[in-house]
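# Give me a 3D structure for the following:
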Amino acid sequence: MDLTRKLAEIKDKKTNPLVRATLIQELSLTKNLGKKEIAYLIGKSPSYISNYLRLISLPEVIKDALLSGILSEGHARALTFLEEKSEIIQIFEDIVRYSYSVRETERKVDQIRKTKRFYGKVADDLQSLVESLKTQWGIETNINRRKSQIVLRFSFPLGVVGMRKLKSFLARLL
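From the prediction side, this is the model:
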């Protein structure tokens, strides 16, 4: 199968998620393409590619359930965040037994996950520097991540006192 055909099959919504994952993995290995390159070629994000590649690591019983339609792609993707095979199978059994929605499955997975991802988290060393600013200068500060930016915010009280603090802060800064 040539590159163009593989890319078209990956883009096709009707393609089974495991087939899509296998095609992505094959492109990565045979054509020596990274996640970013594959994502660019199909017009998706690198996280889209990562989501599919994680499906490959699921236990066979989960893959079979996904292929047969017992489990949705969203359910399977949520299960990929668990490390222990026994935990994955236990949650899978609960999904089938109690008809969990994808959101309910994600909540159950989050409850037993060993490592959690924190979106928008700023490195601890930057956070401590901002806390130092707050303590040293007596200025309300906040730092966080938003998409492709790190936002540092200084807040001053409204009124004469706030204006004095702002002028003093700007004088020190410049």
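
# Would you check that residue 33 makes contact with residue 27?
Yes - counting by Cβ atoms under 8 Å, residue 33 touches residue 27, with 5.3 Å between them. Glycine gets a C-beta too; all of them are placed from N, C-alpha and C.

# I'd like the mean pLDDT over stretch 104-115, please.
Average pLDDT, stretch 104-115: 86.

# Just the strands from this protein, written as ranges.
Along the chain, the stretches classed as strands by DSSP state E are 140-146, 149-155.

# just those: most buried one?
Among those, the stretch with the highest mean neighbour count (mean count of other Cβ atoms under 10 Å) is strand 140-146, at a mean of 13.

# Tell me what angle that one forms with strand 149-155.
Between strand 140-146 and strand 149-155, the angle comes out at 160 degrees (axes from the mean of the first three to the mean of the last three Cα atoms, to 10 degrees).

# what's strand 140-146 in contact with?
119-122, 126-127, 130-131, 133-134, 150-156 (Cβ atoms under 8 Å, 6 or more residues apart in numbering).

# next one: stretch 164-171
For stretch 164-171, using Cβ under 8 Å, 6+ apart, the contacting residues are 137-139, 154, 156-157.
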